[in-house]
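Asks: Build me a model from this:
(chains A and B)
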Amino acid sequence: NAGVTQTPKFQVLKTGQSMTLQCAQDMNHNSMYWYRQDPGMGLRLIYYSASEGTTDKGEVPDGYNVSRLKKQNFLLGLESAAPSQTSVYFCASSAPRGGAYEQYFGPGTRLTVT
Amino acid sequence: QQQVKQSPQSLIVQKGGIPIINCAYENTAFDYFPWYQQFPGKGPALLIAIRPDVSEKKEGRFTISFNKSAKQFSLHIMDSQPGDSATYFCAAAGGSNYKLTFGKGTLLTVNP
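Replies: Modelled structure (predicted):
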């Protein structure tokens, strides 16, 4: 079991460039999440997906889009990167409703926008 | 609006000490309160969690104390070790909402 994997581990973008962060889980979890972590701000939810094919906005969705076409994958897109999006991005997944709050996190993607 | 307030921001203790990290919440619909541990360069990992039907839960050296009337919960680390040095996050979720709301984190340093 690889758990939750994220690619890439590191990325440097120039302002205005676009990219997609990839997340995969092999635990057959229904729910998946994208967070960003900034110093002193904790973990803030960007988007989440309760099940394959559904997505919803979290606390800080502006400037991002997501896609959940397959149960095991959750993609986070940056359409036009801005320096304010420099952050560490974590993907997580959780079990169906009975254990829905136990989220398992990936290792993170460190993104720098110059 | 910050729904989960965590303190202190940072904490330094000597080996063997008992660091205590506190969290307070506002939403009375919350019914699940986990703590996550994060080492540098890694993703957070679930450490221990509690539901409000109990006032205390222990797992090894880690204990959660829960005060429903005060809407507060805390993490105690017994006999702390340098290997416990990490950032700790409290969180809360509840009702039909399976999303976690996180505190801002506490950086714990345990000196040898």
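Asks: element containing the residue most central in space within chain A?
Replies: For chain A, residue A:34 is the residue whose C-alpha lies nearest the centre (C-alpha atoms, centre = their mean; 2.8 Å). Residue A:34 is located in strand A:31-38, with elements delineated by DSSP states H and E.
Asks: contacting residues around the closest residue to chain A within chain B?
Replies: Per C-beta to the nearest C-beta, residue B:43 is where chain B lies closest to chain A, at 3.4 Å. C-beta here means a position set from N, CA and C on the backbone, and glycine is covered the same way. Listed by C-beta atoms under 8 Å, 6 or more residues apart in numbering or on different chains, the contact set of residue B:43 reads A:4, A:90, A:92, A:105-108.
Asks: hmm, back to that, list of residues touching the following helix or strand past the strand holding residue A:34?
Replies: Going down the chain from strand A:31-38, the next helix or strand is strand A:42-49, by DSSP H and E. For strand A:42-49, contacts defined as C-beta under 8 Å, 6+ apart pick out A:31-38, A:55-61, A:64, A:66, A:68, A:74, A:76, A:89-90, B:6, B:44, B:89, B:99-100, B:102-105.
Asks: repeat for stretch A:106-114
Replies: A:3-15, A:21, A:23, A:37, A:78, A:81-92, B:41-43.
Asks: now the helix or strand in which residue A:88 is found and strand A:31-38, what's the angle there?
Replies: Element membership for residue A:88, per DSSP H and E: strand A:87-94. Following axes from the mean of the first three to the mean of the last three C-alpha atoms, to 10 degrees, one obtains 160 degrees for the angle between strand A:87-94 and strand A:31-38.
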